[in-house]
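Trainee: what would the 3D arrangement of this be:
(chains A, B, C and D)
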Number of protein chains: 2
Amino acid sequence: MAKGNYLGEFELVVLLGLARIADEAYGMTIFEEIKVVTGRDLTVPAVYVTLNRLEKKGLVLSRTGESSSERGGRAKKFYRLTATGHESLEVSQEMLQRLWQGVRLGEATSKS
Amino acid sequence: MAKGNYLGEFELVVLLGLARIADEAYGMTIFEEIKVVTGRDLTVPAVYVTLNRLEKKGLVLSRTGESSSERGGRAKKFYRLTATGHESLEVSQEMLQRLWQGVRLGEATSKS
DNA sequence: TTTGTTTATAAACATTGTTTAGGAAATGGC
DNA sequence: GCCATTTCCTAAACAATGTTTATAAACAAA
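Mentor: From the prediction side, this is the model:
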């Protein structure tokens, strides 16, 4: 396992997408949430792959929903954050906040 | 090239480390800055590898410093952000801000 | 049983993250 | 000069994460 075990870029995005959804979050919902909020051009499987990896790492947990969707379709897998996933978010947040503090993005970057 | 071309997790960290240093930023300085600000347990080569990749992508630019360090030692490579690198930071910042907004980290995550 | 819908997985490949080992370029003492 | 030491950087390999393409599971309705 990696040294610090920090969240990858997309892992963070998916985790935040999940965290934003109050209830009954599953693959498609998370996909939509990310797409809407970020405008990012992602694909559905990308989200699934990442959710599976996050689950393997213990950052999220899933339960399989009851079979009957409105009309047809495979059962949903609902996700939620674990305590560890929650902590990972906090760690990422703190680290990024500290790094961003002291950065002035609006000014000249090249003078020489 | 990747779809959205977003900054990787460590790429962002290095870019921010660089951005925080007003002048004469080079490998060791950036390494130290990241270490001090984040408390992260990184290695020097990790920073160099990433700087090289960022330069290849046009996000940073380097110039080789004059040879004379205090007493002995190879010449430094000073780095600065390019306009593109600057934009990448802005894009990352906006995306993360939007995602974080609406996330309440202080509350219960599991109820069922 | 066939068709259509929704959701999810599998496998492969590309990029990024991290480590281990070593080389380049300078200084100072002998 | 030659050798040891200091400082900084590179190379190559491997591990983890990001992304795509193709495909399958599970159900409803015709």
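Trainee: you'd agree A:Arg20 is up against B:Gly102?
Mentor: Yes: because the distance of 5.1 Å satisfies C-beta atoms under 8 Å, A:Arg20 is recorded as touching B:Gly102. (Each C-beta comes from the backbone N, C-alpha and C, glycine too.)
Trainee: looking at the two, which one has more neighbours?
Mentor: A:Arg20 (21 against 13; other C-beta atoms under 10 Å in any protein chain shown).
Trainee: show the model's pLDDT score for the more buried one.
Mentor: A:Arg20 is assigned 96 on the pLDDT scale.
Trainee: what separation do you get for it and chain B?
Mentor: A:Arg20 sits 5 Å away from chain B, going by C-beta to the nearest C-beta, to the nearest Å.
Trainee: which residues sit in contact with that residue?
Mentor: Listed by C-beta atoms under 8 Å, 6 or more residues apart in numbering or on different chains, the contact set of A:Arg20 reads A:Glu33, A:Val37, B:Leu99, B:Gly102, B:Val103.
Trainee: from those residues, keep the buried residues only.
Mentor: Using 16 or more other C-beta atoms under 10 Å in any protein chain shown as the burial test, the contacts of A:Arg20 include A:Glu33, A:Val37, B:Leu99, B:Val103 as buried.
Trainee: ok so, going back, tell me the one of the contacts of A:Arg20 nearest DNA strand D?
Mentor: The closest of those to DNA strand D turns out to be B:Leu99 (C-beta to the nearest atom of the strand; 13.5 Å).
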